[in-house]
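Engineer: Build me a model:
(chains A and B)
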Amino acid sequence: MSTTRTSPAPATTSPVSSPERGTPTRHVDPTRRQQAIAAWILALPFMALFLVFTAGPVLASLGMSFTDMRSTDMRNPFAVEFVGLQNYLDLLADPLFRKVTVNTALYLVLGVPLTMAVALATAVGLNRITRLKGFFRVSFYLPVVTSIVAVSVVWKFLLRDEGGLVNTVIGWFGVDGPGWLDSTTTALPTLVVMAVWRNFGTLMVIFLAALQTVPRELLEAAETDGASGWSRFRYITVPMLRPVLLFGAVITSIGYLQFFEEAFVMTKGGPLDATKSITFFTYDQWGYGNYAVGSAAAYLLFVAIMLLTWLQFRLLREKD
Amino acid sequence: MRRTRTSIAVLAAASLALTACGREDSAAGGEAQSEEIASGEATGTIDVWAMGTEGEVLEDFSAAFEEANPEADVKVTAVPWESAYDKLSGAIASGETPDVSLVGTTWMGEFAQAGGLMPTPENLVDESAFFPGAWESTEVGGTSYGVPWYVETRVLYYRTDLAEQAGWDEAPQTWDELKTFAQDLESKAGVEYGLNLQPGQTGSWQTVMPFAWSNGATLTNEDATEYTIDSPEMAEALDYYTSYFDEELSPTRLLDPGELETGFAKGTYGAFISGPWHTGLVEDAGVTQEQYTVAPMPGPDGAPGSSFVGGGDLVVFNDSDNADNAWKYVQWLSEAETQQAFYDEVGDLPAVQEAWETGELAEDPQLQVFGQQLENAESPPAVPTWEQVAGSIDSIVEQASKGDLPGDEAASQMQSEASSIGTGL
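Structural biologist: Just a heads-up that it's a prediction; the model follows:
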């Protein structure tokens, strides 16, 4: 490494050079320049880490999805063959992948509206009450910070075929409950209910914060004009919340498209793959050493998430 | 599988970062065994990875080896089973492996195919000293890549007191008898389920295959290049297996952890099929030694039935800096006396047959059943894709157990899924 310091080139830094050319003085602010350099230096460690540990693997995975790479090729990457779109075509023809796609769509259409509705309803309720506000907020938010593994043990117990609390309670009304997680028809909706219970707290907190920004005068004015509670909610609160609702819909959708934890812990994707999601499928493929196939599945999911998010932005923003 | 050398810029860049030194050829596929190891004492540091209980006790246990080889130093790193697969495959990819590791038998195919494992030296051990099924688990594409360390196999557990009530004073010997046995346990001894079998889901192939192997079915051809799952023997075994669910002799629901043991103690389940670890579990659940026993798997027609052999193998890595001495350490662990001492320490069943001939292993009648069963036990093919094929077998077994798939269709479905996955060799 050189020990001599290179001084900055005078032509660019010295303001003296400009008038000589007869042009109007274009003054480069030295402090701004320094700030820019400092900013880059400060951002560099993060950028380096981001490039190596995030962007790099993401691109490598994209490249991998066009090859036939398996875990057994780890030591010999040059033997990996380029297969173009073969993995993607195979996936689209694979009955299991089709099944997990349908499952993921079901998670989405069942989970998103339900989570949004529950979160909004509780937020509105909590916004009204004056007593025990903190207690309720904490109670509803608690599942979000609870370990999924701990929660699943309790839920599994509650949902048991024989002797589970849920079936015992509905048994009092003469209903013979199924093994909620053991049947191909009930397992997926049951997981959705559990996911809603576990996740609505985050959205609720966001909605609650947004509700408090709705101007009181507006609601009071509407009330004086004789608007009913529902009309006030429908024509004032909801439009005011539109950006937050859009945000909520987008992050909730992304969450349900990546549905994994609940199914992994509670049902292991069963019975008969009824609760397997695309993320679960991808996880399995990596476990089997099918790196290329797993990457392709992950990218298909990525594209689906992009499309859906774009669609939501278009639909929900239209009226602005 | 023929592959041309195509490289992709992105992939190459990523893999260069990951791979310290790229080997040109993968080591698997009919390569000769390693050179003989040198004689004399072992020297240098031998880095060992081991999982579970083995990882905890091995360092202290190896003191005897270090005493006999004063120049050698055994360093053991305990790796949790949960992360062992990732850790080992990562180590092989990056070339940063220890010298020796414990490897689950079903991972052998993949790691050997990846070029991570060193073929077993020719003069290291006597192949015939091991249970044949256990030795097979080390062989990938005709070459052995390690030495079996400990084994486990599945046998029939049943409640002797309830069996007596049902009129049975000895274990069933044939499939027909096993069926009648389960029926009698229900009708005469009042158990809810005569014989608990796993209705599909992870690892159920380990309970299914003993029946299939007993019936003469095979998973692959001789050199493990093609799957041969679809056969009348397989279909028959699957029909027999699933009949237990149809006749409500076995629950179709997967039991929660601990449910089987407590149910066995309460008399809900009269019998089940499992490995040696269950002796301790059922006794913890309150079943006394007088109340239950183990018996070898019955075969279809009275000949001894086959079972599944699993366990752990010891391997030495291609990237080991101290391979010669690492093999000497493996050799020491494979001696009958060492294996007996290790059994006394942790209760792992020795893979070396001679270790069973004296001591507690020879005297304990329960353990003798496991020893007897090990002579008739097979391992799954050591091919790189086995885990995936096993996964698809598991889900087809689940479908068949729930009653909407006859045995012959299940067998042909297993075959077509396995064929499309390929053996990976």
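
Engineer: contacts, neighbours, all on C-alpha from now
Structural biologist: Will do.

Engineer: Residue numbers of the stretch 51-200 of chain B in contact with chain A?
Structural biologist: B:89, B:92-94, B:110-111, B:113-116 (Cα under 8 Å from any Cα of the partner chain).

Engineer: between those residues, which is closest to A:F280?
Structural biologist: Nearest to A:F280 out of those is B:S89 (Cα to Cα; 20.6 Å).

Engineer: my guess is that closest one meets B:F111, correct?
Structural biologist: Yes: counting by Cα atoms under 8 Å, B:S89 does reach B:F111; the two are 7.1 Å apart.

Engineer: Comparing these two, which residue is more hemmed in?
Structural biologist: In terms of neighbours (other Cα atoms under 10 Å in any protein chain shown), B:F111 is the more surrounded of B:S89 and B:F111; the figures are 27 against 22.

Engineer: contacting residues for that one?
Structural biologist: A:72, B:89, B:92, B:117, B:384 (Cα atoms under 8 Å, 6 or more residues apart in numbering or on different chains).

Engineer: can you put those residues in a markdown table and add pLDDT, distance to B:T174 and secondary structure?
Structural biologist: What follows is the contacts of B:F111, written out as a markdown table (pLDDT from 0 to 100; distance: Cα to Cα, whole Å; DSSP: H, G, I helix; E, B strand; the rest coil):
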| residue | pLDDT | distance to B:T174 | secondary structure |
| --- | --- | --- | --- |
| A:T72 | 78 | 42 | helix |
| B:S89 | 88 | 43 | helix |
| B:I92 | 91 | 46 | helix |
| B:L117 | 93 | 41 | strand |
| B:P384 | 86 | 35 | coil |
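
Engineer: Spatially central residue (nearest the centroid) of chain B, please.
Structural biologist: Taking Cα atoms, centre = their mean, the centroid of chain B lies closest to B:G310, which sits 1.3 Å from it.

Engineer: check contacts around the spatially closest residue to B:A411 that is not a sequence neighbour.
Structural biologist: Closest residue to B:A411 apart from its sequence neighbours, by Cα to Cα, 6 or more residues apart in numbering or on different chains: B:D230 at 4.9 Å. Contact analysis of B:D230 by Cα under 8 Å, 6+ apart lists B:408, B:411-412, B:414-415.

Engineer: Give me the pLDDT value at B:D230.
Structural biologist: B:D230 is assigned 95 on the pLDDT scale.

Engineer: and the gap between it and B:Q340?
Structural biologist: Relative to B:Q340, B:D230 is positioned 40 Å away (Cα to Cα, to the nearest Å).

Engineer: List the buried residues in stretch B:337-345.
Structural biologist: Under the neighbour-count criterion of 16 or more other Cα atoms under 10 Å in any protein chain shown, stretch B:337-345 has B:337-343 buried.

Engineer: Which of the residues you listed fall within helices?
Structural biologist: B:337-343 (DSSP state H).

Engineer: How many residues are close by B:Y244?
Structural biologist: 23.

Engineer: re earlier: out of the contacts of B:D230, which is nearest to chain A?
Structural biologist: Using Cα to the nearest Cα, B:M414 comes nearest to chain A of those, at 13.9 Å.

Engineer: my read: the closest one touches B:S395, true?
Structural biologist: No: B:M414 lies out of contact with B:S395 (Cα under 8 Å); the separation is 9.4 Å.

Engineer: list residues touching both of those two?
Structural biologist: By Cα under 8 Å, 6+ apart, no residue touches both B:M414 and B:S395.

Engineer: if we can go back for a sec, which secondary structure state does the residue nearest to the centre of chain B sit in?
Structural biologist: strand (DSSP: H, G, I helix; E, B strand; the rest coil).

Engineer: List the contacts of it.
Structural biologist: Taking Cα under 8 Å, 6+ apart as the test, what B:G310 contacts is B:105-106, B:134, B:151-153, B:379.

Engineer: of all the residues you listed, which two lie farthest apart?
Structural biologist: Going by Cα to Cα, the pair spanning the contacts of B:G310 furthest: B:T106 and B:T153, at 14.0 Å.

Engineer: of these two, who's got more company?
Structural biologist: Comparing B:T106 with B:T153 by neighbour count (other Cα under 10 Å), the higher total belongs to B:T153, at 27 against 24.

Engineer: which residues touch that one?
Structural biologist: B:274-276, B:307-310, B:370, B:373-374, B:377.

Engineer: Turn the contacts of B:D230 into a markdown table, columns for neighbour count and secondary structure.
Structural biologist: Compiled in a markdown table, the contacts of B:D230 are given as follows (neighbours: other Cα atoms under 10 Å in any protein chain shown; DSSP: H, G, I helix; E, B strand; the rest coil):
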| residue | neighbour count | secondary structure |
| --- | --- | --- |
| B:D408 | 19 | helix |
| B:A411 | 27 | helix |
| B:S412 | 18 | helix |
| B:M414 | 23 | helix |
| B:Q415 | 22 | helix |
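
Engineer: quick one, strands of chain B?
Structural biologist: B:44-51, B:72-79, B:100-104, B:139-140, B:143-144, B:147-153, B:155-159, B:271-274, B:292-295, B:307-316, B:349-350, B:377-378 (DSSP state E).

Engineer: and of these, who's closest to A:P178?
Structural biologist: Nearest of the strands of chain B (Cα to Cα): strand B:271-274, 25.2 Å.

Engineer: pLDDT averaged over the closest one - what is it?
Structural biologist: According to the model, strand B:271-274 has a mean pLDDT of 95.

Engineer: Need the CA coordinates for that strand. PDB is fine.
Structural biologist: Output of strand B:271-274 as PDB, limited to C-alpha atoms (Å, rounded to 0.1, in the frame of the first residue of the first chain):
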ATOM      1  CA  ALA B 271     -48.900 -53.900  21.200                       C
ATOM      2  CA  PHE B 272     -46.800 -51.700  19.000                       C
ATOM      3  CA  ILE B 273     -43.600 -51.900  16.900                       C
ATOM      4  CA  SER B 274     -40.600 -49.800  17.800                       C
END
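
Engineer: Can you list the neighbours in contact with that strand?
Structural biologist: With Cα under 8 Å, 6+ apart, strand B:271-274 has contacts from B:153-159, B:182, B:194-197, B:207, B:264.

Engineer: can you do 7 Å?
Structural biologist: B:154-159, B:194-197 (Cα atoms under 7 Å, 6 or more residues apart in numbering or on different chains).

Engineer: Ok, stretch A:256-267 next?
Structural biologist: A:104, A:107-108, A:111, A:149, A:152, A:181, A:191, A:195, A:269, A:275-277, A:279-280.

Engineer: Give me the buried entries from the residues you listed.
Structural biologist: For the contacts of stretch A:256-267, buried by 16+ other Cα under 10 Å: A:104, A:107-108, A:111, A:152, A:181, A:191, A:195, A:269, A:275-277, A:279-280.

Engineer: Got the phi and psi for the closest residue to chain A within chain B?
Structural biologist: Nearest residue of chain B to chain A: B:A114, at 3.8 Å (Cα to the nearest Cα). Main-chain dihedrals, B:A114, degrees, to the nearest 10: phi -70, psi -10.

Engineer: hang on, it packs against A:M69?
Structural biologist: No: assessed by Cα atoms under 7 Å, B:A114 is found out of contact with A:M69, at 11.5 Å.

Engineer: Pretty sure B:N376 sits against B:A303.
Structural biologist: No: if you go by Cα under 7 Å, B:N376 and B:A303 don't touch, sitting 10.7 Å apart.

Engineer: Give me the more crowded residue out of the two.
Structural biologist: Shown here are B:N376 and B:A303; by other Cα under 10 Å, B:N376 has more neighbours (23 against 12).

Engineer: rewinding a little: let's see which of the buried ones among the contacts of stretch A:256-267 end up in helices.
Structural biologist: Short answer: these in helices (DSSP H) are A:104, A:107-108, A:111, A:152, A:191, A:195, A:279-280.
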